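*Asks:* Have a look at this prediction, sequence included:
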Amino acid sequence: CLTTLIIILVGDTYTLINYVSFINYLCYGVTIIGLIVLRWKKPQIFRPIKVNLLIPITYLAFWAFLLIFSLYSEPVVCGVGLSIILTGVPVFFLGVYWRNKPKCVNRLIESLTCWGQKLFFVVYPQCGSAEEE
């Protein structure tokens, strides 16, 4: 989020759209790869909608061509897009992966979440920990 704000302030909107579109297409392809892997490793799972595997494989072939072409034609844009994605790795480790956090870190994360919910009207803010209730 901070990287995106800096790009908005420094660069133009066209550049930001290029970065985000690369990130979106990268995530779409990873999602399709996940679908294929789940169909292969766990075929017995209930799926309300089941498509022929030829459709996601065809999509994945076109996706790989477009991704490789964009990496070749605009490597700087793709590199910045990847760096934007990688800025989320420390946030993941701090907020999700690290299970035994000190209480001060938990309180900081809860207050940032509450502040963000109020600022962006995302969810009705439930400030305060569940221990207080």
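*Replies:* Received the coordinates, thanks.
*Asks:* list the contacts for Pro43?
*Replies:* Contact analysis of Pro43 by Cβ atoms under 8 Å, 6 or more residues apart in numbering lists nothing. In short, each C-beta sits where N, CA and C put it, glycine included.
*Asks:* just Leu2 next, same as before
*Replies:* Contacts of Leu2 (Cβ under 8 Å, 6+ apart): Thr87.
*Asks:* That one and Val122: what is the separation?
*Replies:* Counting by Cβ to Cβ, to the nearest Å, the gap from Leu2 to Val122 is 18 Å.
*Asks:* got a pLDDT number for Ile57?
*Replies:* At Ile57, the model reports a pLDDT of 93.
*Asks:* how far out from the middle of the chain is the helix or strand harbouring it?
*Replies:* Taking DSSP states H and E as the definition, one finds Ile57 inside helix 54-73. Centroid separation for helix 54-73 versus its chain: 19 Å, with Cα atoms, centre = their mean, to the nearest Å.
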